[in-house]
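# I need the structure of the sequence given here:
(chains A and B)
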Amino acid sequence: MKRILKNLSLALAALGLSACVTPSVAEKSAITLPPETAHFKSGPGAQVATTYCTICHTADYVYMQPPLNRAGWEATVTKMRKVFGAPAGDADAKVIVDYLLTQNGKQ
Amino acid sequence: MGPDQGRRNMLRAGAALGGAALAGRAALAAAEQMVTLPIANGARRFAAYPQKRPLIVMTERPVQLETPMAMFDSAFTPNDAFFVRWHISNVPMSVDGAAHRIKVHGLVNNPLSLSVADLRNNYEQVEIAAVCQCSGNSRGLFDPRVVGGEWTNGAMGNAMWKGVRLRDILNKAGVQKGALQVRLNGLDKGPMTTVPDFIKALDMDEALREEVIVAYSMNGQPLPVLNGFPVRLVVPGWYATYWVKMLEDVEVIGAVDNNFWMNPAYRIPANDCACAEPGKPIPKTVPINRMNVRSFITSLQDGAQVRAGQQVAIKGIAFDGGYGIRRVLFSADGGKSWGEARLGKDHGNYSFREWEAGFRAPRAGSYALQVMAVNGNGESQQVTTSRWNPAGYMRNVVETVRVQAV
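This next block holds a predicted model:
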């Protein structure tokens, strides 16, 4: 009996059916993320920030930061444009910085 | 709002969460729980993401979830409590584990295309307990604060990983002369082509280290999608940035990889303390690598109450980058005096090590509980000063849990 079982498992392995023996490992896994709730709060520039920033990330990336001064937010917006390619031009970038200062800024 | 207010909120949220857990998950889903971490802009909500219990939501897209300290109440972190961190937002939420292939190519004699079944059937199967900790775990506690993912201490977890050695895969492929690094890429992509793909590289000697595995199992189960189903790299002792999730590409290269995520991202000052002074230039950096030693009290949270005169068992965890935990010291007076904690079961040098210490508050009042670990190489945690660097990496100062004896 043991030999039969061993042969059976060898045959299964040869057929590439080991996934059937341990179905939990290789099967399909699919999930659906909950709806997003983190949005930019209304105010001058909110629409511009939403247009460009949320291509890559939700607004919580801004609100979780420690309050930043103008130089701090300028450095961040510049990184988003130069490193990650946020397609905001100079004028829109300034609107975004001004808006971020109203949302999570300091002197 | 001061830290004390934050602590009270945390306590309230914790108590509410405990009660809801008893009433079942449906009840919890109905009533959204909030927590205020003890840092500026520390308000977070709890949410149960797929295959996850309610965790602290740091960000929604890319999704980043933090594990509350109270959930580290055993050496192994349950899969549904394990923290989540993605860098770029285009992550497949449906992955066919049977169809998935890992391509092995570059400076190799025999390029490979491996299925999970190949890993399971054609290679030696190995298991290792190892801590996965974000480089920026505890970044939110840096002073002065730095920009980034504003975690407190819950961007870490320990699991029993099962898979096959990267070394065995590379040996089967046959690494050619001139190989310098192994580049590792997963299924995640940026939402625009301009976003640098998340790719990491290990030097050849690190890639060939015996403990480094391609894991298809986490605590005896398939990996949750959010932790990298169907396979992720496990680099015991090193920060999680190298633990590439949904691993699909292994490329042996003859140069040092300088893609964004290796340089300038994830670099530390090239000095003994991986530290810098705010505002001062850093002459030289290196890629972040081995974890330093840390320990945490997990059985009591900041602001908790204990009974004066009553003995309480304080429990927690300690870990390091692979030398193993040799000692854990406990203090109930803010570090003035220390006593030896009892170490729990040894699950290997890369695992969380549980510890336990007795504490009896002699009288009513405030007590600053601290814990400090020493590893097998004699390295201990920072005590008086806390490391600072501009990216907020490698915090390992002795933490303090303030409790009130009543």
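# Show the contacting residues for the residue of chain B found nearest chain A.
Minimum separation of chain B from chain A (C-beta to the nearest C-beta) falls at residue B:194, amounting to 2.4 Å. C-betas here are computed from N, CA, C, even on glycine. By C-beta atoms under 8 Å, 6 or more residues apart in numbering or on different chains, the contact list for residue B:194 reads A:84-85.
# per-residue pLDDT, it?
Looking at residue B:194, its pLDDT is 98.
# Which strand or helix spans residue B:262?
Under the criterion of DSSP states H and E, residue B:262 resides outside all helices and strands.
# who does the closest residue in space to it that isn't next to it in sequence bridge with?
Closest residue in space to residue B:262, ignoring its immediate chain neighbours: residue B:201 at 5.5 Å, by C-beta to C-beta, 6 or more residues apart in numbering or on different chains. Beta-bridge partners for residue B:201, by DSSP bridges, are residue B:183.
# Tell me, how many residues neighbour residue B:201?
Residues lying near residue B:201 (other C-beta atoms under 10 Å in any protein chain shown) number 24.
# surely it meets residue B:185?
No: assessed by C-beta atoms under 8 Å, residue B:201 is found out of contact with residue B:185, at 9.9 Å.
# Centre-most residue in chain B?
Centroid-nearest residue in chain B: residue B:133, 1.8 Å away (criterion: C-alpha atoms, centre = their mean).
# measure the closest residue to that one other than its chain neighbours to residue A:50 for me?
Excluding the flanking residues, the one nearest residue B:133 by C-beta to C-beta, 6+ apart is residue B:156, at 3.9 Å. Applying C-beta to C-beta, to the nearest Å, the value for residue B:156 to residue A:50 is 33 Å.
# Show me which of the two is the more surrounded one.
residue B:156 (26 against 15).
# Dihedrals phi and psi, the more buried one?
Backbone torsions of residue B:156, given as degrees, to the nearest 10, read phi -160, psi 160.
# pretty sure it is touching residue B:135, no?
No: judged on C-beta under 8 Å, residue B:156 makes no contact with residue B:135 at a distance of 10.7 Å.
# contacting residues around the residue lying closest to residue B:142 once chain neighbours are set aside?
Leaving aside its sequence neighbours, residue B:142 sits nearest to residue B:392 (C-beta to C-beta, 6+ apart; 4.8 Å). Contact analysis of residue B:392 by C-beta under 8 Å, 6+ apart lists B:136, B:138-140, B:142, B:146, B:148.
# and residue B:392, what pLDDT?
pLDDT for residue B:392: 98.
# do the same with residue A:23
44.
# Next: residue B:118.
98.
# pretty sure it belongs to a strand, no?
No: Residue B:118 is assigned helix when assessed by DSSP: H, G, I helix; E, B strand; the rest coil, not a strand.
# And it, how far from residue A:28?
Relative to residue A:28, and taking C-beta to C-beta, residue B:118 is found at 18 Å.
# These two - which one has more neighbours?
residue B:118 (18 against 13).
# Show me the strands in the stretch 301-406 of chain B, by range?
Ranges of strands in the stretch 301-406 of chain B, per DSSP state E, counting those that start in this stretch, are B:305-306, B:311-319, B:325-331, B:339-340, B:342-343, B:353-360, B:365-375, B:400-405.
# would you turn the ones you listed into JSON lines with distance to chain A?
Shown next, in JSON lines, are the strands of the stretch 301-406 of chain B (distance: least, C-beta to the nearest C-beta, whole Å):
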{"stretch": "strand B:305-306", "distance to chain A": "29"}
{"stretch": "strand B:311-319", "distance to chain A": "25"}
{"stretch": "strand B:325-331", "distance to chain A": "30"}
{"stretch": "strand B:339-340", "distance to chain A": "36"}
{"stretch": "strand B:342-343", "distance to chain A": "33"}
{"stretch": "strand B:353-360", "distance to chain A": "28"}
{"stretch": "strand B:365-375", "distance to chain A": "25"}
{"stretch": "strand B:400-405", "distance to chain A": "21"}
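# To residue B:49, which of the ones you listed lies closest?
Proximity to residue B:49 (C-beta to C-beta) singles out strand B:311-319 among those, at 23.6 Å.
# quick one: the closest one to strand B:365-375, angle?
40 degrees (axes from the mean of the first three to the mean of the last three C-alpha atoms, to 10 degrees).
# Within the sheet, what are the partner strands of strand B:311-319, with directions?
strand B:294-297 (antiparallel), strand B:353-360 (antiparallel).
# Tell me the buried residues in it?
By neighbour count on 16 or more other C-beta atoms under 10 Å in any protein chain shown, the buried set for strand B:311-319 is B:312, B:314-319.
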